[in-house]
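*Asks:* Pasting the sequence and the predicted coordinates here, then a few questions.
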Amino acid sequence: MTKIMEMLRDQGIDEGLIADVEAFRSSFEVEESERRRVTEPMIPFYGKEILEQAIAGLLQGENLLLSGSKATGKNVLAENLAWVFGRPSYNISFHVNTDSSSLIGTDTFVNNEVTLRKGPVYQCAQYGGFGILDEINMAKNDAVSVLHATLDHRRIIDVPGYDKITLHPAARFIGTMNYGYAGTKELNEALVSRFLVIDMPPVDEETLMKIFRVTFPGAKDKALEQFAGLFLDLQLKAFNGEITTRPLDLRGLLAAMKTMKGGLRPSLAVKMGITNKTFDIFEKKIINDVVMTRIPESWTAGDVFA
């Protein structure tokens, strides 16, 4: 609890919001069986305005839709919000075959009896969790339409053949979406109206440096500046349409830096984490040229980690 409040205060979050978060946490206990789902995220989210918008909305019982391009920290923010509010999180990854039964639940046999195997949305509603609806614009509109009564003022789930349940007062839903991914589509207007929408801004150098320093406390600042510069260079080229967003992969860059910590040469590590994420030979050459301007071939792991 202390660590969470320190994280919020370090970013200058409004004290009134922090007090309300503390009151929320003390008002709602977490079921013993679900405490394993309350986990500290690997990476803190940095962004005062975004955090304040999200916290204010959730405190008022609203659901959030996080919209933005790749590598803007949508899932990181969702995980951090569940942790800040002290709620169990339930991740629902949407795809073209997502249907109502995979969200709410489906019939199954237990001890020779038909019973309901509860889906993640049902569990979230029952235990007062935070449901993270990942890539919500990849599902068919008729699949997510079953959530309308769950997401609006009714806050109910009507399970055909079973019962109608009312959402736990602490339950919230956070949707994430990217535009332009294969399989994505426009969200139904009725669904969007049930969310407060936060447009996630592109990551900047200050945020990248904070992430790198927290994740790799033993790394050298000069090396971290080059990795931040590499990511921003690729981000600019992606925004200008010179390359696709495939190599714009912060997870991949962090994974590459982990292998450097294990002793792998930086140029080889970046190949695995960034360059090889695209399979187009011409795009790969552009990315390799950008990498060479930031990460010298002569660098060893000792140039990155002390």
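*Replies:* Looks like it came in fine.
*Asks:* Could you use CA atoms for every contact and neighbour count after this?
*Replies:* Will do.
*Asks:* Helix or strand: which one has the spatially most central residue of the chain?
*Replies:* Centroid-nearest residue in the chain, with CA atoms, centre = their mean: residue 75, separated by 0.3 Å. With secondary structure defined by DSSP states H and E, residue 75 is part of helix 74-84.
*Asks:* helices or strands up against that helix?
*Replies:* Applying 3 or more CA pairs under 8 Å, 6 or more residues apart in numbering; DSSP states H and E, we find helix 74-84 packed against helix 48-59, strand 130-134, strand 172-177.
*Asks:* for the stretch 51-200 of the chain, what spans make up the strands?
*Replies:* Per DSSP state E, counting those that start in this stretch, the stretch 51-200 of the chain carries strands over the ranges 64-67, 89-93, 105-110, 113-118, 130-134, 156-158, 164-166, 172-177, 196-199.
*Asks:* For these, give me JSON lines that also has mean pLDDT.
*Replies:* Listed next are those as JSON lines, based on pLDDT from 0 to 100:
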{"stretch": "strand 64-67", "mean pLDDT": "96"}
{"stretch": "strand 89-93", "mean pLDDT": "93"}
{"stretch": "strand 105-110", "mean pLDDT": "75"}
{"stretch": "strand 113-118", "mean pLDDT": "76"}
{"stretch": "strand 130-134", "mean pLDDT": "95"}
{"stretch": "strand 156-158", "mean pLDDT": "88"}
{"stretch": "strand 164-166", "mean pLDDT": "88"}
{"stretch": "strand 172-177", "mean pLDDT": "95"}
{"stretch": "strand 196-199", "mean pLDDT": "96"}
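*Asks:* Dump these to a markdown table, plus distance to residue 31 and mean neighbour count.
*Replies:* As requested, the strands of the stretch 51-200 of the chain are exported to a markdown table (distance: least, CA to CA, whole Å; neighbours: other CA atoms under 10 Å):
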| stretch | distance to residue 31 | mean neighbour count |
| --- | --- | --- |
| strand 64-67 | 24 | 23 |
| strand 89-93 | 13 | 20 |
| strand 105-110 | 20 | 13 |
| strand 113-118 | 16 | 14 |
| strand 130-134 | 14 | 26 |
| strand 156-158 | 20 | 19 |
| strand 164-166 | 17 | 14 |
| strand 172-177 | 16 | 25 |
| strand 196-199 | 28 | 16 |
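*Asks:* Turn these into a markdown table, including distance to residue 19.
*Replies:* Putting the strands of the stretch 51-200 of the chain into a markdown table (distance: least, CA to CA, whole Å) gives the following:
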| stretch | distance to residue 19 |
| --- | --- |
| strand 64-67 | 21 |
| strand 89-93 | 22 |
| strand 105-110 | 36 |
| strand 113-118 | 34 |
| strand 130-134 | 20 |
| strand 156-158 | 29 |
| strand 164-166 | 27 |
| strand 172-177 | 19 |
| strand 196-199 | 22 |
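*Asks:* Tell me the spacing between residue 1 and residue 33.
*Replies:* Noted for residue 1: a distance of 20 Å to residue 33, by CA to CA, to the nearest Å.
*Asks:* So between those two, which is more surrounded?
*Replies:* It is residue 1, of residue 1 and residue 33, that has more neighbours when counted by other CA atoms under 10 Å, with 12 against 8.
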